[in-house]
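Trainee: Next comes the sequence, and after it the predicted model I'd like to discuss.
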Amino acid sequence: MAELTRTAAEDRGAWKSKIGFILAASGSAIGLGNIVFFASNAYKFGGGAFYLPYFIALFVLGIPVMIIEFSLGTMTGKSFPVAMRQLVGKKGEYAGWWTISCALFITMYYITILGWALTMLVGAFGGLLTDPAIAPFAGMDSPSDGPNATVYFFGMIATWAPMLSVAAIWAMTILILWRGTKTIEAAVRIFVPLMWLFMVVLIVRGLTLNGGVDGMLYLFTPNMDGIMDVNVWQGAFAQMFFSLSLGLGTMTAYASYLPKDADQINNSMVVSFLNCGFEFIAGVAIFSMLFAFAIVPSGGTLSLSFFVIPQGIAEFPFWIKGFGVFFFLLLVIAGLTSAVSLVEGIASPLIDKLGISRTKALALVMFPGIIGSLAFALPQVIDPAISSGGTLGFSLLDMLDHWAFSYSLLIGGLIECVMIGWVLGADKLRTFVNEHSKFTLGKWFNVQIKFVIPIILSLVIGGTLWQDLSGGLYQSDTDFGSFGWLPAAIPVVWIISTLVMSAVLTNRPAHDHDPHNVSNPA
Ligand code: TRP
């Protein structure tokens, strides 16, 4: 029977080809982070001022941490927490499950934002891009002065429609994960090339608009004033971790489906450069449109992609409006392949640790995940001053994003480097990596993992924490009304629940023998 002749490794999953892995890992990396968050961070931190910290972040932190995360996967053939247990013992597993629990929270709101993008995509066929755009649904407490894409967006999230989209995105994610690497590989073979194609269309459109080239120049003109600002560095480091899908064990899960002798230096370089190349092009496309539309963005992280660009597109004639559809289609596709990796990064360790089936593991992730994603889509308007907060779901999302985005990825990366560098020994990892690689890592790599990265990350995390604590927990200009307790409750819920999940999972007895090995000792 075919069932019995499969090897244990194939049962866990295995990429059919190297290109399948590269597509999947770059599909994970390229996502909302590259389009939505990069452009708004680059704008917030003054265009050209963002680049130096960004490149330093890529070479000093990004590529080395990716080499570590990929290698953990091939060294052990297991996903993150289980790999950490094998290499550094129980404390490694605690840390591993903590980051996986953080990944669950990030997945919840990542999918909500994707759900909004899907709802905007549907809207782009109709009301969103008519000039002036009309708010699609009634029911907002205080519609504003001019009908425009901002009103459209807040009108949209104040309805129940995004809940449907959120459910649809979850369904697509689970479908792609259904047969593991087999279905993931099939999906990324279509979606990843497609997202590059859409991006190329958008950049050509952006640059050929009147004034578009000025936007590109703004993005690339160095601005040394910003370099002294700690926030610029903090922003660039957090952006790099998020963009490269680091710090949450995601890349380890994907790499665990590779053969042991995979060249992880090469893989890390290829995936990082594909990701940052895409991010660059996305930045140019968005900034060229901003300048062409002569729009000065204001507002939070989402505003650039969710209302500034659509607003600009809406003011153009019909044949340009079509690009609004492309833009949201791109967001949905790019985000979907990232959401897939986030969920796989959680499901895969559950399979490894508990020895449960893929279906069961997916169900275990999906149920809490969907509830969370739906909570972030709650449409009740709690802040009538629409521009600062909007709905209950949006406010919750914004608060959780503040904590999860600024802390969990960087803390995950810090713990990883300290444990691998000091407990396992940087040399062990380096020797393993070098054995299978064309290029070899010199002794400097040890210094990098043991000192440079931990020191930089501690400074950034400490600086952010200091700002948060001295400025009061999470600053927001939103008046939460009767929900005034939320800003303090969110970080507490986040910390306690991730610690509890980590303790419970670490102390579950490991499923130690693989039933497939029994039937197939070879
Ligand atoms: N990198 C993705 C993006 O840019 C998001 C993502 C997927 C992610 N998996 C991750 C972020 C793991 C952090 C950790 O949109």
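Mentor: Good, I have the coordinates. Numbers count the residues shown, from 1 in each chain.

Trainee: Which residue, other than its chain neighbours, is closest to Gly463?
Mentor: Nearest residue to Gly463 in three dimensions, chain neighbours excluded: Val230, at 5.5 Å (CB to CB, 6 or more residues apart in numbering). The way it works is simple: take the backbone N, C-alpha and C, and place the C-beta from them, glycine included.

Trainee: neighbours of the one you found, just the number please.
Mentor: By other CB atoms under 10 Å, the residues close to Val230 number 13.

Trainee: Same check on Ala167?
Mentor: Ala167: 16 surrounding residues under other CB under 10 Å.

Trainee: what does the one 5 residues further on give?
Mentor: As a burial measure, the neighbour count of Met172 was computed by other CB under 10 Å and equals 18.

Trainee: So which bits of the helix or strand where it lies are buried?
Mentor: Assigned by DSSP states H and E, Met172 belongs to helix 161-177. Buried residues in helix 161-177, defined by neighbour count with 16 or more other CB atoms under 10 Å: 161-163, 165-167, 169-170, 172-174, 176-177.

Trainee: For the helix or strand following that helix, buried residues please.
Mentor: Counting by DSSP H and E, the next helix or strand C-terminal to helix 161-177 is helix 181-208. Applying a neighbour-count criterion of 16+ other CB under 10 Å, one finds 181, 184-185, 187-189, 191-192, 194-196, 198-199, 201-203, 205-207 buried in helix 181-208.

Trainee: Packing partners of the very next helix or strand once past helix 181-208?
Mentor: Next helix or strand after helix 181-208 toward the C-terminus (DSSP H and E): helix 212-220. Applying 3 or more CB pairs under 8 Å, 6 or more residues apart in numbering; DSSP states H and E, one finds that helix 212-220 contacts helix 181-208, helix 264-293.

Trainee: Next, the angle from helix 212-220 to helix 181-208.
Mentor: 120 degrees (axes from the mean of the first three to the mean of the last three CA atoms, to 10 degrees).

Trainee: quick one: average confidence on helix 212-220?
Mentor: Helix 212-220 carries an average pLDDT of 83.

Trainee: Off-centre distance for the helix or strand following that helix?
Mentor: Next helix or strand after helix 212-220 toward the C-terminus (DSSP H and E): helix 230-243. Helix 230-243 sits 13 Å away from the centroid of its parent chain (CA atoms, centre = their mean, to the nearest Å).

Trainee: Tell me the residue of the stretch 351-500 of the chain that sits nearest the ligand?
Mentor: Closest approach between the stretch 351-500 of the chain and the ligand, counting by CB to the nearest ligand atom: Leu409, at 5.6 Å.

Trainee: Please report phi then psi for the residue nearest to Trp98 when sequence neighbours are not counted.
Mentor: With sequence-adjacent residues excluded and distances taken as CB to CB, 6+ apart, Trp98 is closest to Ser502, at 4.1 Å. Phi and psi for Ser502, reported as degrees, to the nearest 10, are phi -70, psi -40.

Trainee: Spit out the contact partners of Ser502.
Mentor: Applying CB atoms under 8 Å, 6 or more residues apart in numbering, we find Ser502 in contact with Tyr94, Ala95, Trp97, Trp98, Ile100, Ser101.

Trainee: how does it look with 10 Å?
Mentor: Pro81, Glu93, Tyr94, Ala95, Gly96, Trp97, Trp98, Thr99, Ile100, Ser101, Cys102 (CB atoms under 10 Å, 6 or more residues apart in numbering).

Trainee: Among these, which are located in helices?
Mentor: Pro81, Glu93, Tyr94, Ala95, Gly96, Trp97, Trp98, Thr99, Ile100, Ser101, Cys102 (DSSP state H).

Trainee: Okay, now the unreliable bits of the stretch 151-300 of the chain?
Mentor: Applying pLDDT under 70 to the stretch 151-300 of the chain flags the ranges 294-300.

Trainee: Which residues of it lie near the ligand?
Mentor: Phe242, Ser243, Ser245, Gly247, Leu248, Thr250 (CB under 6 Å from any ligand atom).

Trainee: Same list, the residues you listed, but as JSON lines with distance to Leu342 and neighbour count please.
Mentor: Below are those laid out as JSON lines (distance: CB to CB, whole Å; neighbours: other CB atoms under 10 Å):
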{"residue": "Phe242", "distance to Leu342": "11", "neighbour count": "26"}
{"residue": "Ser243", "distance to Leu342": "14", "neighbour count": "27"}
{"residue": "Ser245", "distance to Leu342": "8", "neighbour count": "29"}
{"residue": "Gly247", "distance to Leu342": "12", "neighbour count": "28"}
{"residue": "Leu248", "distance to Leu342": "8", "neighbour count": "30"}
{"residue": "Thr250", "distance to Leu342": "6", "neighbour count": "30"}
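
Trainee: how much space between the most centrally placed residue in the chain and Pro349?
Mentor: Among the residues of the chain, the one closest to the centroid is Phe242, at 5.1 Å (CA atoms, centre = their mean). For Phe242, the distance to Pro349 equals 20 Å [CB to CB, to the nearest Å].

Trainee: Same check on Leu441?
Mentor: When Leu441 is compared with Pro349 (using CB to CB), they lie 27 Å apart.

Trainee: Please say which of the two ends up with more neighbours.
Mentor: Using other CB under 10 Å as the criterion, Leu441 and Pro349 rank with Pro349 on top: 28 against 19.

Trainee: Show me what counts as buried in the strand or helix carrying the more buried one.
Mentor: Element membership of Pro349 [criterion: DSSP H and E] is helix 318-354. Residues 321, 323-354 are the ones in helix 318-354 that count as buried (16+ other CB under 10 Å).
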